[in-house]
Each structure stands twice: as C-alpha cells, then as structure tokens.
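> Prediction below, plus the sequence it came from.
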Amino acid sequence: QPETAKEIEETVETAKQTASAGEEVNYSDSDKFYSPLVKNIAKEEGISLEELDRLEGTGKDGRVTKNDILKYVENRGSASQQAAPAKSQSRPDKAMEKTVSSKPEPVVSGEDEIIEMSRMGKMIAHHMVESVQKSAHVQSFIEVDVTNIWNWRNKNKNEFQKKEGEKLTFTPIFMEAVAKAIRDFPMINISVSEDATKVIKKKNINLGMAAALPDGNLIVPVIKNADRLNLVGMAKAVNDLADRARNNKLKPDDIQGGTYTVTNVGTFGSIMGTPIINQPQVGILALGAIRKVPAVIETPDGDFIGIRYKMFLSHSYDHRVVNGALGGQFVQRVAQYLESFDKEREI
C-alpha cells in the first residue's frame, strides 16, 4: 500500500524535525525561572518554550515544579492518544516514540520488600540529583599527617572535659583549620546565581557540619561565623549542634545560611570520599578515617621509617567557578594548618 508507506515516511520525518527543533530550545530565554531538572524533563519530552511558559506552577512564587511538569506530560500524552484516530495508534513511529520515552521499572518479585521513602529521604535524593545536574563536580585529594593532633588530643582530652565541661573530638580542630583556610582563600566562600551569570561572595564564614539523624538520614547544621571562634568555642558549637541533631531538636535557623560544608566520612571507616556539593555552595570537604601507617620521616640526620597517624582530605568543588589551582591550593592550605598544629598548645 504505497499511500500508507508514504504517510508513515512523512510522519517519521516530521517527528525527526520536531525532535531536532526541541533540542535547540533554549529555556533560559524565558522570563520565568526553571530548575535544571524541569528544563531536562522539558527537553526530553520535546516541550516547547511556549508550552512551558503557559504552565501554572504550584511551587514558591508560582514556580513550575518537577511534579507540575510530570503531571503535564502525563495529561499531554493522554490527550494526544484520545485525539488521535484509532489507526494512528498502531503506527510504527508512535510505538517507537512510546518505547523511547518510557522509563524501565525495577523488577519486583513476590519475596521483595517495598519500602516507602521518607519525606526527608525524598528531599535529600532530589537535592543530590539537582546538585549533580547543576554543578560541574571536580575532586582534589591530599594526604595529611595528623600525628601532632592525635597526640595532643589524647594528652589533653580529659583535662579539656574537666575544665570546659565538653568532649574534645577531632572535629572542632579540623573545622578551625578549614575556617582559617577559607579566610585565606575567600573565593571558596561563594555561591553562583540561579542564571549562572554572577558570583556572590559571602561576607560571613558559616561552616556546615554534616551530622547523622536518628533515622539514618543526614542533616547539615551550620556553625555561624566559624572563623571568629577559638577552639573552645568551636568545640562547644560542634557538640551542641551534633547533640541536638541526634535528638531532633535542631531549629530551622540552625540549618540555614551555610557557605561551605565539611563531612566526616571517616566516621564510617572510609579513608576518602567524593561528596556531592551542598547547593548553593561551591565546595565541600570530606574528612577520611585517621589511620596508623608506616611513613618516611625526614630529619637533618637522614630519612627513616616511623609510625604516623595520617588521613585523606577530599575536596569536591564546582568547576564552573573554582578552577583546579584554587581547589587544590585550598585543600593544601587546610593540610598545612593541620600538619603545623602546635603540639605544645595550651587549652
């Protein structure tokens, strides 16, 4: 049937032209703000800029959310199927379109357990995916000798608790070094505007500290103006936020305003990690586990092998605005502060 064949050929060609036109759509030309996730969905589904602008969003200030555009896509597909003549539903190009756009579902057997994600879990998952889509993640790693810190803490932790009424962990010592390094490299303490055309340089150094909640999820309470705290003040802030996180007593203000984040992957035994940036920040530092290892020690009398306490620092940063030199120099400066820690330091 030549007419049918010709009709199919024309339909396929039209679909190709429509798809190629859809790839060239620049959603940034709109006066409205759309998240990277919404833009990606619109691009995948071939939604034009005019269609997207007509959508009524249910998000803050009328923004179009992921659920809004997915609901539109679902209704759009249903409407097109109802409007199409019966014979067109069996066209090869329609079948192909359905196959390409459908997303495979995981296979579930009768013995598998299906667990509903918590609201917090869903929010974290969405936040992580959005961060990877938005920022160009790059990592720099450096190994640090923290023998002086290890010995100093063991020597002073009991006296510190007796004098200050606080436990002395490694975290405030590390946070103190990070705050000093940020003061040396203020272009780490920035964020990027939504349209990725401006850099916002933050005045205050507010360190986020990833902490575990009772349900296993992570939350990031913030130590405000961390560079103004001495070690005692830092220890009190770290212990207070960690304790209130464990007991679900954090306030909304406790988790807002962070400008840089530190996460301790060593708590779980990991020697290093590649953490995802906590938007809208541009960097995050992972602290690896402290290990006792044999190492070459240089002295005026020559080199020898000794037992040292070492750890890895893993710095993830947004390569859109932080180049390799700055990302590497920053984590190197953190390492220098840690390795030069005064083992005779007074509490």
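Yep, that arrived. Residues are numbered from 1 along each chain as shown.

> Helices of this structure, start to end?
2-23, 36-44, 49-54, 66-83, 92-101, 119-134, 147-164, 171-184, 231-246, 324-339 (DSSP state H).

> Save these as TSV, and put in distance to E346 and mean pLDDT too.
C-beta coordinates here come from the backbone N, C-alpha and C atoms, glycine included. Shown next, in TSV, are the helices of the chain (distance: least, CB to CB, whole Å; pLDDT from 0 to 100):
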stretch	distance to E346	mean pLDDT
helix 2-23	64	49
helix 36-44	50	85
helix 49-54	62	85
helix 66-83	54	72
helix 92-101	66	48
helix 119-134	41	90
helix 147-164	9	96
helix 171-184	14	98
helix 231-246	10	95
helix 324-339	18	98
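
> looking at those, which is closest to S270?
With CB to CB as the criterion, S270 lies closest to helix 171-184 of the helices of the chain, at 15.3 Å.

> what is the orientation angle of that closest one with helix 147-164?
110 degrees (axes from the mean of the first three to the mean of the last three CA atoms, to 10 degrees).

> now helix 171-184 against helix 324-339, angle please.
140 degrees.

> Count the residues that sit near V232.
Applying the criterion other CB atoms under 10 Å, we find 15 residues in the vicinity of V232.

> Can you tell me how far it is from E164?
Using CB to CB, to the nearest Å, V232 is found at 6 Å from E164.

> Likewise for M117?
In terms of CB to CB, M117 sits 41 Å off from E164.

> and the helices of the chain, which is most packed in?
helix 171-184 (a mean of 22; mean count of other CB atoms under 10 Å).

> Contacts for that helix, please.
149, 153, 188-189, 205, 207, 209, 223, 226-227, 229, 231, 234-235, 237-238, 242, 260, 262, 264, 285, 287, 330-331, 333-334, 337-338, 341 (CB atoms under 8 Å, 6 or more residues apart in numbering).

> now swap in stretch 53-66 and tell me
30, 32-35, 37-38, 41, 52, 67-69, 72, 126.

> nearest to I219, of those?
Of the contacts of stretch 53-66, the one sitting nearest to I219 (CB to CB) turns out to be H126, at 15.1 Å.

> picking up where we left off before, could you name every residue contacting both of V232 and E164?
I347.

> what's the closest of the helices of the chain to R345?
R345 lies closest, by CB to CB, to one member of the helices of the chain: helix 147-164, at 6.4 Å.

> Quick one: list the elements packing against that closest one.
When contacts are defined as 3 or more CB pairs under 8 Å, 6 or more residues apart in numbering; DSSP states H and E, helix 147-164 sits against helix 231-246, strand 302-318.

> Can you say which of these is nearest to E130?
When the helices and strands packed on helix 147-164 are compared by CB to CB, strand 302-318 sits nearest E130, at 13.2 Å.

> What helices and strands are in contact with that closest one?
Short answer (3+ CB pairs under 8 Å, 6+ apart): strand 302-318 packs on strand 137-145, helix 147-164, strand 283-287, strand 291-299, helix 324-339.

> Tabulate the helices and strands packed on helix 147-164 in CSV, adding columns for distance to P275.
Formatted as CSV, the helices and strands packed on helix 147-164 follow (distance: least, CB to CB, whole Å):
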stretch, distance to P275
helix 231-246, 18
strand 302-318, 5
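
> nearest to Q256, of these?
Counting by CB to CB, Q256 lies closest to helix 231-246 out of the helices and strands packed on helix 147-164; the figure is 12.8 Å.

> Distance of D68 relative to E50?
16 Å.

> Same check on M120?
37 Å.

> Next: T299.
Relative to E50, and taking CB to CB, T299 is found at 73 Å.

> just N248 next, same as before
46 Å.

> show me what contacts the closest residue to A136 other than its chain neighbours?
Leaving aside its chain neighbours, A136 sits nearest to H319 (4.0 Å; criterion: CB to CB, 6 or more residues apart in numbering). Residues counted as contacts of H319 (CB under 8 Å, 6+ apart) are 135-138, 327.
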